[in-house]
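> give the three-dimensional model of this entry:
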Amino acid sequence: DYLLAVKRGGDLTITDTVGSGSITTTTIACAVKMTIKGETDSNTPAKLTVYGGTIRGQYYGISGNGTRHDTEVTINGGTITSTNGVAIYQPQDGIMTINGGTIQSNITGIEIRSGSLTVNNGTISGGTGTPGSEGNGSGTTTSNTGIAVAQHTTDKTITVTINGGTITGGAAIYESNPQNNDENTDVTVSIADATLNGALKSSGFGTVTVDNATINGDVTKDGTGNMGITNSTITGNVTKDASNTGSLGFVNSTIDGSVPDNSNIVYVNTSVNGTIKNEAGNNEATVNGVPYNTLANAINAAKDGNTVTLLKDVNVDKGSVQNTSGILKITKNITLDGNSKKIPVTGDRANTPSVINIEENADVTIKNLTINSNGNAKHGLNLYDAGTVTVENVTIQDGTGYGIVCNSSDLTVNGLTTSGNAWGGINIDTSA
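Numbers count the residues shown, from 1 in each chain. Predicted coordinates:
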């Protein structure tokens, strides 16, 4: 079953000081196994760190087990491969970090079915044929893929973060749901500053975001999950099944191939065969390219570090929101990019809330936005125990209070126009 095993509580480091060291077999399934049969789960992880050498198994270079969790695998260098399988297989709820090295297979480079994977650098490659994904309750599922993301029958959370590197395959990255699991747990794939040589495919329920990447291949979006692509180049075609509920958006990107006539796809300042497209459909905003039907939903969905981009002028109704509250509230470290759009306020009640409250020590950038209170809201921006708030190229007008109120927060202004606000432009107060 394996040449070498890292038992629970073990901490193995593999180096290659000579330059030709190897742990290699062509007849045994796995070269290095994380945990062994009979070991129960505990809070004591099995740890493996690889700095060099070649690790090769018949079916797996490195593998875990889907019922034995709590493992930590770090690849800093070396070559991980298999003769006829997956170079690294993680069915268990473990932590995998790739900082360098070469991970390659003629089938799939890495398949993760549970836990987390972080890629900071390195070269990862799988087969270059037509990618496929089939259910398998006790083994791998995906072929011809650089990195496969395919939730196991254990239905555990998967978090994939790619911060760089080169990933190659028929599909460079393929997110799927081969077990037809219910959408009970999160599957997220975040890709930035990477080169994908092959298609980007998503047919599951996961959320896939891409920023500042080059995709030398097609983008295919099916299933119920959402995909957003920003500041990236796609050399191939874009396909999306309009009957699926998942969303797809492109922001500040370039698509060299064809795109479908599909109202479910959002384009913001995106070049398609040399023509700039701006199409919002029924959506008001995106979060890192993923479309949302309302601005409020987008702000609520955004996570620390995300960018919310307006797709159109968004009317917000003050409803019954009280005077000290905001019609919109931001409590996370995000950027709100108005994309040169407006937020007008409507409503016929006597209450006058602020348009946007920023609270809970959030570090926020507001830019390229016009806020028009229309006499229906007090302050345009109300900073109340916020962190550092940066305002860039913003216009705030016609409030019954100030343009900006800053209470116990740090405010940086790089371009602000205020007019028609009854009490003035900016009020700074050291107390909350």
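> tell me who's in contact with the nearest residue to Ile158 once chain neighbours are set aside.
Closest residue to Ile158 apart from its sequence neighbours, by Cβ to Cβ, 6 or more residues apart in numbering: Val187 at 4.6 Å. Every residue, glycine included, has its C-beta placed from N, CA and C. By Cβ atoms under 8 Å, 6 or more residues apart in numbering, the residues touching Val187 are Val149, Gln151, Thr157, Ile158, Glu175, Gly204, Phe205, Gly206, Thr207, Gly225.
> now the buried members of those residues.
Neighbour-count burial (16 or more other Cβ atoms under 10 Å) applied to these gives Val149, Gln151, Ile158, Glu175, Gly204, Phe205, Gly206, Thr207, Gly225.
> how close does the third one sit to Asp218?
Going back to what we said before, that points to Ile158. Using Cβ to Cβ, to the nearest Å, Ile158 is found at 23 Å from Asp218.
> what's the answer for the fourth one, then?
Using Cβ to Cβ, one gets 14 Å for the distance from Glu175 to Asp218.
> next: the first one.
Distance check for Val149 against Asp218: by Cβ to Cβ, it reads 17 Å.
> then Gly101?
With Cβ to Cβ as the criterion, Gly101 and Asp218 are 28 Å apart.
> and the residue most central in space within the chain, how close does it get to Gly228?
With distances taken as Cα atoms, centre = their mean, the residue of the chain nearest its centroid is Ser190 (3.0 Å). According to Cβ to Cβ, Ser190 and Gly228 sit 10 Å apart.
> which residues do these two both contact?
Contacts common to Ser190 and Gly228, judged by Cβ under 8 Å, 6+ apart, are Thr209.
> tell me where the model's unsure across this protein.
Across the chain, the ranges flagged by pLDDT under 70 are 41-42, 262-263, 431-432.
> ok, which stretches of it are helices?
Taking DSSP state H to define them, one finds helices in the chain at 295-301.
> start and end of stretch 293-306, how far apart?
Taking Cα to Cα, to the nearest Å, stretch 293-306 runs 17 Å from one end to the other.
> sorry, slip of the keys, the one I care about is stretch 276-284.
Terminal residues of stretch 276-284 are spaced 19 Å apart (Cα to Cα).
> can you list contacts of that stretch?
Residues outside stretch 276-284 that contact it (Cβ under 8 Å, 6+ apart) are 247, 249, 263-271, 291-295, 298, 310-312, 314.
> which parts of that stretch are buried?
Judged by neighbour count (16+ other Cβ under 10 Å), stretch 276-284 contains these buried residues: Lys277, Ala280, Gly281, Asn283, Glu284.
> before we move on, what about stretch 18-36?
For stretch 18-36, the neighbour count (16+ other Cβ under 10 Å) marks Ile23, Thr24, Thr25, Ala29, Cys30, Ala31, Val32, Lys33, Met34, Thr35, Ile36 as buried.
> widest-spaced pair of those residues?
Across the buried residues of stretch 18-36, the longest distance by Cβ to Cβ is 21.4 Å; it joins Thr24 and Thr35.
> from the chain's centroid, how far away is stretch 305-318?
20 Å (Cα atoms, centre = their mean, to the nearest Å).
> returning to what we had before: which among the contacts of stretch 276-284 end up buried?
247, 249, 264-268, 270-271, 291-292, 295, 298, 310-311, 314.
> if we can go back for a sec, could you dump the buried residues of stretch 276-284 to TSV with distance to Ala422?
Shown next, in TSV, are the buried residues of stretch 276-284 (distance: Cβ to Cβ, whole Å):
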residue	distance to Ala422
Lys277	41
Ala280	33
Gly281	37
Asn283	34
Glu284	28
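> out of the residues you listed, the closest to Thr44 would be?
Among these, Asn283 lies closest to Thr44 (Cβ to Cβ), at 47.2 Å.
> that older thread, among the contacts of stretch 276-284, which lie within strands?
Gly249, Ile265, Val266, Tyr267, Val268, Asn269, Thr270, Ser271, Pro291, Tyr292, Leu310 (DSSP state E).
> so how far is Val394 from the fifth one?
Using Cβ to Cβ, Val268 is found at 19 Å from Val394.
> quickly list what the residue nearest to Ser125 when sequence neighbours are not counted is bridged to.
Leaving out its chain neighbours, the residue that sits closest to Ser125 by Cβ to Cβ, 6+ apart is Thr168, at 4.0 Å. For Thr168, the beta-bridge partners under DSSP bridges are Ser125, Asn197.
> quick check: Thr168 touching Gly122?
No - Thr168 lies out of contact with Gly122 (Cβ atoms under 8 Å); the separation is 11.6 Å.
> next up, the contacts around the closest residue in space to Val272 that isn't next to it in sequence.
Leaving aside its sequence neighbours, Val272 sits nearest to Ile255 (Cβ to Cβ, 6+ apart; 4.8 Å). By Cβ under 8 Å, 6+ apart, the contact set of Ile255 is Ile234, Val238, Thr270, Ser271, Val272, Asn273.
> if we use 10 Å, what do you get?
Residues near Ile255 by Cβ atoms under 10 Å, 6 or more residues apart in numbering: 215, 219, 229, 232-238, 267, 270-273, 277.
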